[in-house]
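# Provide a 3D model corresponding to the input given below.
(2 chains)
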Amino acid sequence: MPADLKDSIVKAVAAATNEVFSTMLVMEATPGEAYCEKVPQVSDGVVAFIGLAGKWTGTGMISCSPALACRLASQFLMTDYQPGSEAVNEEVLDAVAELANIIIGNAKNLLEEELGPMGMSIPTVIFGRNFTTRSAGQGEWIVAPFHCEGERLEVRMHLAPAREAAPLRHGYQPPECVELR
Amino acid sequence: MPLDILIVDDSAAIRKILQRVLRQADVDVGQVYEAGDGLEALETLKNHKVHLVLADVNMPNMNGMQLLAEIKSRAEFASLPVIMITTEGSQSKVMEAAQLGAAGYIRKPFSADQIKDKISSLF
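The predicted model follows:
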């Protein structure tokens, strides 16, 4: 991934996260030093991810501890969700999924100026412990960490150019259908 | 007369937030209905008369743009104002919504005031 694009992703994620925290959560998220990794190093907590597809394709992901998930949901929905794994109910997971949708969606809107239009999937959210994460895509993930009330929120994004259709072999175009008489 | 409103969003979190915002709005809000996608929304519209629809764009089964087109194509619903509330911020989506007849386009993240102001401007 070109260095310019990494920089654009970090800036877009920071702007989107800051806007969501200030507008809808009324909380502060202080950005940490962004870095790259080959495979998402996430094995515990609450994870929400969203697929991106266009001329560039990839995935956006947010992850945090159950305690921070409860805190974010409490602010987002103005309902008190006490920290602890028992409190990570459907409403908390739905709130984290929607926050991922808004953060990744707004980062995508900013990146579209550079990368062209991209569609987004519906978010998927996972809560668990000791899970293993793998990515079928090649290339690096950009990790943008944020510190919030003593906890850590991580926003990850992986983008690569969409694969072109395979070229014709020896110029031979197989027929789409054959009529038998 | 109180306004009956339909909220269409696949996120229960956003539906809950919008319910709360509507209760704080300057307009007199009556019944608030909820639907998780465009198909559910059309079913609700068949059974309940509403004065305003707030719809997300990116939803399963029938998305917000398809719902908007469907509402505007039916004589019985054509005059119903529809405000799109979505993460999709590209100019092409805004233009598409305007061409289909949306009464407004609010980008997420939104503030309560943005929603209240938009509704007040329509009624």
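# Can you name the element that comes right after the longest helix along chain B?
Secondary structure of chain B read by DSSP state H shows that its longest helix is helix B:12-24. Next helix or strand after helix B:12-24 toward the C-terminus (DSSP states H and E): strand B:29-35.
# Output the contacting helices and strands for that following strand.
Where contact means 3 or more C-beta pairs under 8 Å, 6 or more residues apart in numbering or on different chains; DSSP states H and E, strand B:29-35 is packed against strand B:3-8, helix B:12-24, helix B:38-47. C-beta here means a position set from N, CA and C on the backbone, and glycine is covered the same way.
# coming back round to it: mind listing what's buried along the longest helix of chain B?
Under the neighbour-count criterion of 16 or more other C-beta atoms under 10 Å in any protein chain shown, helix B:12-24 has B:12-18, B:21-22 buried.
# sorry, back to before: can you check which of the helices and strands packed on strand B:29-35 gets nearest to chain A?
Closest approach to chain A among the helices and strands packed on strand B:29-35 (C-beta to the nearest C-beta): helix B:12-24, 4.4 Å.
# Chain B contacts on chain A?
Contact residues (C-beta under 8 Å from any C-beta of the partner chain) of chain A with chain B: A:19-20, A:23-24, A:73, A:76-78, A:90-91, A:94-95, A:97-98, A:101-102, A:105-106, A:109, A:112, A:117, A:120, A:122.
# Buried ones among the residues you listed?
A:19-20, A:24, A:73, A:76-77, A:91, A:94-95, A:97-98, A:101-102, A:105-106, A:109, A:112, A:120.
# Tell me which entries of the residues you listed lie within strands.
Mapping these onto strands (DSSP state E) picks out residue A:120.
# hey, where'd the helices end up in chain A?
In chain A, the helices defined using DSSP H lie at A:3-20, A:66-77, A:90-115.
# Turn those helices into TSV, including mean pLDDT.
Converted to TSV, the helices of chain A look like this (pLDDT from 0 to 100):
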stretch	mean pLDDT
helix A:3-20	95
helix A:66-77	95
helix A:90-115	96
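# Could you export these to CSV, including columns for distance to residue A:147?
Output for those, formatted as CSV (distance: least, C-beta to C-beta, whole Å):
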stretch, distance to residue A:147
helix A:3-20, 11
helix A:66-77, 10
helix A:90-115, 16
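# Show me what residue of chain B gets nearest to chain A.
residue B:87 (3.1 Å).
# Run a quick neighbour tally on that residue.
Neighbourhood size, residue B:87 [other C-beta atoms under 10 Å in any protein chain shown]: 23.
# OK, contacts around it?
A:101-102, A:105-106, A:109, A:120, B:57-58, B:107-108 (C-beta atoms under 8 Å, 6 or more residues apart in numbering or on different chains).
# Skip the chain neighbours and tell me the closest residue to residue A:147.
residue A:30 (4.7 Å; C-beta to C-beta, 6 or more residues apart in numbering or on different chains).
# cool, residue B:48 as well?
Counting by C-beta to C-beta, 6+ apart, the residue nearest residue B:48 is residue B:33, at 5.9 Å.
# Was I right to think the one you found contacts residue B:7?
Yes - Residue B:33 lies in contact with residue B:7 (C-beta atoms under 8 Å); the separation is 7.2 Å.
# who has more neighbours, the two?
Comparing residue B:33 with residue B:7 by neighbour count (other C-beta under 10 Å), the higher total belongs to residue B:7, at 26 against 17.
# Quick check: that one vs residue B:15, distance?
5 Å (C-beta to C-beta, to the nearest Å).
# Nearest the middle, which residue of the chain would you pick?
Going with chain A. residue A:60 (1.8 Å; C-alpha atoms, centre = their mean).
# ah, I was thinking of chain B
Most central in chain B (C-alpha atoms, centre = their mean) works out to residue B:54, at 1.3 Å.
# Name whatever forms a beta bridge with it.
When bridges are called by DSSP bridges, residue B:54 pairs up with residue B:7, residue B:83.
# which ones are touching it?
Counted by C-beta under 8 Å, 6+ apart, residue B:54 has contacts B:5-9, B:18, B:82-83, B:85, B:115.
# now do 7 Å
The contact partners of residue B:54, by C-beta atoms under 7 Å, 6 or more residues apart in numbering or on different chains, come to B:5, B:7-8, B:18, B:83, B:85.
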